[in-house]
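1. Pasted the sequence and its predicted model underneath.
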There are 2 protein chains.
Amino acid sequence: MKQERLRGVMAPVLTPMKEDLTPDLPRWISLCKSLLSEGCTGLAPFGTTSEANSLGLGERTDMLDRLIDAGVPAEKLIIGAGTCAFPDTVTLSAQAARLGCGGILLLPPFYYKGVSDEGIFRATAEVIERVGDSRLRVYLYHIPPVAVIGYSLALTERLLKAYPGTVVGMKDSSGDWTFQESILKAFPGFDVLSGTEKFLLPNLRSGGAGTISAMANIIPGEIRGLYDSWQSPDADRVQARLNTHREAIKEWALIPALKALRAERHQDQSWRKVRPPLVALDDVQSGHLVSKFKTSFEEGAER
Amino acid sequence: MKQERLRGVMAPVLTPMKEDLTPDLPRWISLCKSLLSEGCTGLAPFGTTSEANSLGLGERTDMLDRLIDAGVPAEKLIIGAGTCAFPDTVTLSAQAARLGCGGILLLPPFYYKGVSDEGIFRATAEVIERVGDSRLRVYLYHIPPVAVIGYSLALTERLLKAYPGTVVGMKDSSGDWTFQESILKAFPGFDVLSGTEKFLLPNLRSGGAGTISAMANIIPGEIRGLYDSWQSPDADRVQARLNTHREAIKEWALIPALKALRAERHQDQSWRKVRPPLVALDDVQSGHLVSKFKTSFEEGAER
């Protein structure tokens, strides 16, 4: 039975850490559930924002098992599964398919640089064929600012043709609207999810599927509001207002900043913890950030 | 009992692949043994040249166990152990320390970009402290052309001070002699290994410990010859002649090129196999490469 594909507003869920830097599973599961109840149409655990690339292979498989056991619906999850090495990517992807997840988010193998489209095609093919599960749905994760290598338009076309029904979409975190628009125009029916909510409105107007946005960890309801009302006359104003929230925190590193905002929300400063190589905001930075972020709401309300 | 630290000429050993792209352990173990008998003073399995970042976590631990079981001396091995995530890096590093390996080669956690020295310091500290084994010897693996992030001089100094006797050296694959010289001058007694044999002579003249060189997979005896005779009047000529061999193959991607040269040596074209995202040379490319490489020897002999 084919399930509906995920659309809308998804959060690359933050990973709360305990004092010893191991993932705090109860807090994480609770966050997943509350994001779904506060407006997210789905979740993308183990994204860049989740610090997933700082989690060990065993931690990731264990966390996903625990999340499903806790009753979070697998079909609402797009699981970050891309690593540098196909055996590990196959382990994570096969687990997601077996559990009935809505899809996987597939980073290209990002250690070697200057590799060819042919090489990335083969790497992707190895994963899909070794998983060998018709339930697998792959969202290409294009994020050259971090992974350096990425999926070109020509490579995307080749993968779509080789694996129709399996390669179903892309998360575009290039930050480059021109690229995203070119993918949207070239492949109607391919589910393009903007990696930033800043492009949510243009994404939807060009036939896109929505957004997987780091900010959805903090303001899921606001982003969902735009998704639900994107055809209203007010939509441009709502998008502009959304943008002010991200703008308000742009001087801090994004992941530590989002965790500091969650810390404020829960009145629990241990929420600020990050795994190295990231560094948490200190009290002064956090105080300044929270104040600027609140101001962005007050100013929005006055408009 | 403290063992001697490794010096000299080490190969980041190529990983031969079977038809199904799994590592060919008998051929790999045989290569390790022959490199040691042909001039290498040590080996660095699981380096960049080894395609180690394309190997799964379980593959790597299994391979190392098998290599030691096969009688290759652990003390001659510097094991590539750096991954993006400290739990996996701890697994690989603890195994190397437990088996009595000469050291580990530690990539910084290379997924996140734009991270601070403070973040990389903490990531390194987590690994060392979680391994918690006084036998652990860490060689910082500085390779910004691939990992993008790296170990600055200030960070290296901080790590050396925090973990004396544990952080014992660096493999410098920056390709930047000025950087390597600055590390050599700043930290006498710190074992700086040049990531390219092109800098072997200046490395030794500045008090360095030698080289971990991809080319040592092909010409271990020639590089060893320079190491043994670096104080001879002829050394500059020997270095210049060595350089012509790397120069001869520079138009091809390095790892596929080295595998094509091993294929020629063994008269076994299956040696050319690489894991994606790398792509093997085809017959024409391989033929051209082998011919240029042979010419570099003939021209050297005529001088």
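-> Cool, got the structure.
2. need the residues of the stretch 151-300 of chain A near chain B, please.
-> By Cβ under 8 Å from any Cβ of the partner chain, the residues of the stretch 151-300 of chain A that approach chain B are A:Ala253, A:Arg275, A:Pro276, A:Pro277, A:Leu278, A:Val279. C-beta coordinates here come from the backbone N, C-alpha and C atoms, glycine included.
3. Turn those residues into a markdown table, columns for secondary structure.
-> Shown next, in a markdown table, are those (DSSP: H, G, I helix; E, B strand; the rest coil):
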| residue | secondary structure |
| --- | --- |
| A:Ala253 | coil |
| A:Arg275 | coil |
| A:Pro276 | coil |
| A:Pro277 | coil |
| A:Leu278 | coil |
| A:Val279 | coil |
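4. who wins for neighbours among the residues you listed?
-> With neighbours taken as other Cβ atoms under 10 Å in any protein chain shown, the top of these is A:Pro277, carrying 28 neighbours.
5. Any chance of the backbone angles for A:Ile143?
-> Backbone geometry at A:Ile143, expressed as degrees, to the nearest 10, gives phi -140, psi 60.
6. pretty sure it contacts A:Pro108?
-> No: judged on Cβ atoms under 8 Å, A:Ile143 makes no contact with A:Pro108 at a distance of 9.2 Å.
7. Now do the shared contacts for the two.
-> Residues touching both A:Ile143 and A:Pro108 comprise A:Gly150, with contact defined as Cβ atoms under 8 Å, 6 or more residues apart in numbering or on different chains.
8. The two: which is more packed in?
-> Taking other Cβ under 10 Å, A:Ile143 and A:Pro108 do not tie; A:Pro108 has more neighbours (26 against 23).
9. Kindly state the domain boundaries assigned to chain A.
-> The record's domain parsing of chain A by automatic domain parsing lists A:8-229, A:249-303.
10. Quick one: the ones you listed as TSV, columns for distance to B:Trp271 and mean pLDDT too.
-> Output for the domains of chain A, formatted as TSV (distance: least, Cβ to Cβ, whole Å; pLDDT from 0 to 100):
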stretch	distance to B:Trp271	mean pLDDT
domain A:8-229	18	98
domain A:249-303	37	93
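11. Show me which of the ones you listed has the highest average neighbour count.
-> Highest mean neighbour count of the domains of chain A: domain A:8-229, a mean of 21 (counted as mean count of other Cβ atoms under 10 Å in any protein chain shown).
12. just the helices in the stretch 201-303 of chain A please.
-> Using DSSP state H, counting those that start in this stretch, the helices of the stretch 201-303 of chain A run over A:220-228, A:235-248, A:254-266, A:283-302.
13. okay, the angle between the last one and helix A:220-228?
-> What separates the directions of helix A:283-302 and helix A:220-228 is an angle of 40 degrees, with axes from the mean of the first three to the mean of the last three Cα atoms, to 10 degrees.
14. Which elements pack onto helix A:283-302?
-> Packing partners of helix A:283-302 (3 or more Cβ pairs under 8 Å, 6 or more residues apart in numbering or on different chains; DSSP states H and E): helix A:235-248, helix A:254-266.
15. which residues sit against that helix?
-> With Cβ under 8 Å, 6+ apart, helix A:283-302 has contacts from A:241, A:244-245, A:247-249, A:252, A:257, A:260-261, A:263-264, A:269, A:272, A:281.
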